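1. Fold the following for me, if possible:
(2 chains)
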Amino acid sequence: MTKSELIERLADKARHVPSRDVELAIKEMLEQMAQTLQKGERIEIRGFGSFSLHYRAPRVGRNPKTGETVELDGKHVPHFKPGKELRERVNEDLIA
Amino acid sequence: MALTKAEMAEHLFEKLGMNKRDAKDLVEAFFEEVREALESGEQVKLSGFGNFDLRLKSERPGRNPKTGEDIPIKARRVVTFRPGQKLKSRVENTKPTE
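-> Now for the predicted structure:
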């Protein structure tokens, strides 16, 4: 499912909300989520999961084309931890 | 303070002038739609943000950490998130505040 398919599916369900508003809202939600992580804050959605930043230590890497070594700085990367409901729901047909 | 659904709904109300009831419902429906797709085995690709993928983990030996008893961990399906390049660049120089 892509972002535009997600927007279509939601617009089909929320019939009283104009689909243009659904589209704006989805884009706004994703932007707010990205901004939250950019500010160094966490996102906590009960039943879905949480997003936070994990640190990656500096390391010496290599340019795969030239073989040259490059010093890479430490950085933060986004991390998602699925919540209990999501973990259980993606497993239901396997357990049943 | 972490971002929650309540704050996301409040933001839609403030930024888009959407009524509070619709904003709350839409935030809830957004996460539910992603859960439903993943539940049905579908990958979710949100450009500019990242992809939610499903991975099958086969059964592996495990242990009850309290009793030391050997119990196999059953095969299961797990959700993984792969952040997109745009999101990765936005956070790489961020210092977490919490």
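2. So what pairs up with the closest residue to A:Lys3 other than its chain neighbours in the strands?
-> Excluding the flanking residues, the one nearest A:Lys3 by CB to CB, 6 or more residues apart in numbering or on different chains is B:Leu46, at 5.0 Å. No exception for glycine: its C-beta is placed from N, CA and C like everyone else's. Counting by DSSP bridges, B:Leu46 is bridged to B:Gly50.
3. residues in contact with B:Leu46?
-> By CB atoms under 8 Å, 6 or more residues apart in numbering or on different chains, the residues touching B:Leu46 are A:2-3, A:6, A:30, B:52, B:84.
4. go on, B:Arg60?
-> Contacts of B:Arg60 (CB under 8 Å, 6+ apart): B:72-73.
5. likewise A:His16?
-> By CB under 8 Å, 6+ apart, A:His16 lies in contact with B:Asp22.
6. In terms of helix, strand or coil, where does the residue of chain A found nearest chain B fall?
-> Across chain A, no residue is closer to chain B than A:Phe80, which sits at 3.3 Å (CB to the nearest CB). Counting by DSSP: H, G, I helix; E, B strand; the rest coil, the backbone at A:Phe80 sits in strand.
7. Where does chain B get nearest to chain A, residue-wise?
-> Closest point on chain B to chain A, by CB to the nearest CB, is B:Phe81, at 3.3 Å.
8. contacting residues around that residue?
-> A:51, A:78-80, B:50-53.
9. of those residues, closest to A:Ala57?
-> A:His79 (15.0 Å; CB to CB).
10. can you pull out the helices in chain A?
-> A:3-13, A:19-38, A:84-89, A:92-95 (DSSP state H).
11. Please name every helix or strand in contact with the third one.
-> So the one you mean is helix A:84-89. helix B:20-39, strand B:76-83 (3 or more CB pairs under 8 Å, 6 or more residues apart in numbering or on different chains; DSSP states H and E).
12. got a list of contacts for the first one?
-> Helix B:20-39 is touched from outside by A:1, A:6, A:9-10, A:13-14, A:16-17, A:21-22, A:25-26, A:29, A:45, A:47-48, A:85-86, A:89-90, A:92, B:5-6, B:8-10, B:12-13, B:16, B:18, B:43-44, B:52, B:54, B:79, with contacts defined as CB under 8 Å, 6+ apart.
13. remind me which residues of chain A are low pLDDT?
-> Chain A contains residues with pLDDT under 70 at A:93-96.
14. ah, wrong one, I meant chain B
-> Counting by pLDDT under 70, chain B has low-confidence residues at B:98.
15. Now do the domain split for it, please.
-> Using the TED database, the domain parsing of chain B gives B:1-42, B:43-97.
16. partners of B:Thr80 in the sheet?
-> Bridge pairing for B:Thr80 - DSSP bridges - gives B:Asp53.
17. what's the neighbour count on it?
-> B:Thr80: 11 surrounding residues under other CB atoms under 10 Å in any protein chain shown.
18. my read: it touches B:Leu56, true?
-> No: B:Thr80 is beyond contact range of B:Leu56, at 11.2 Å (criterion: CB atoms under 8 Å).
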